[in-house]
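S.K.: what's the 3D shape of this:
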Amino acid sequence: MGTQSVYLAIAGEVVNRRLVLLRNFMLKGQESASNLLMDVHAKLCTA
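M.R.: Predicted coordinates for the structure are as follows:
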């Protein structure tokens, strides 16, 4: 266990957090996009 492995562990942790944030962002984006489509669809149907 040298300093290099410590750096690798930290880098891995940072990358992991970024991936989780990115995935959450993508999921939220998909969710709001589909909600928007449903909203537009509902307005078209009731119009």
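S.K.: Quick check: mean pLDDT of stretch 39-46?
M.R.: Throughout stretch 39-46, pLDDT has a mean value of 90.
S.K.: could you dump it to PDB, C-alpha only?
M.R.: What follows is stretch 39-46, C-alpha atoms only, in PDB (Å, rounded to 0.1, in the frame of the first residue of the first chain):
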ATOM      1  CA  ASP A  39     -48.900  16.900 -20.300                       C
ATOM      2  CA  VAL A  40     -48.800  18.000 -24.000                       C
ATOM      3  CA  HIS A  41     -50.600  14.800 -25.000                       C
ATOM      4  CA  ALA A  42     -53.300  15.300 -22.400                       C
ATOM      5  CA  LYS A  43     -53.800  18.900 -23.500                       C
ATOM      6  CA  LEU A  44     -54.100  17.800 -27.200                       C
ATOM      7  CA  CYS A  45     -56.600  15.100 -26.300                       C
ATOM      8  CA  THR A  46     -58.800  17.400 -24.200                       C
END
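S.K.: how far does it sit from the chain's center?
M.R.: Taking Cα atoms, centre = their mean, to the nearest Å, one finds the center of stretch 39-46 at 28 Å from the center of the full chain.
S.K.: What's the local residue count around residue 31?
M.R.: 10 (other Cβ atoms under 10 Å). Quick note: C-beta positions are derived from backbone N, CA and C, even for glycine.
S.K.: So for it, what's the pLDDT?
M.R.: So, for residue 31, pLDDT stands at 89.
S.K.: List the contacts of it.
M.R.: Remark: with contacts taken as Cβ atoms under 8 Å, 6 or more residues apart in numbering, residue 31 is in contact with nothing.
S.K.: Look up how far residue 15 lies from it.
M.R.: From residue 31 across to residue 15, the span is 25 Å (Cβ to Cβ, to the nearest Å).
S.K.: and what of residue 29?
M.R.: According to Cβ to Cβ, residue 29 and residue 15 sit 21 Å apart.
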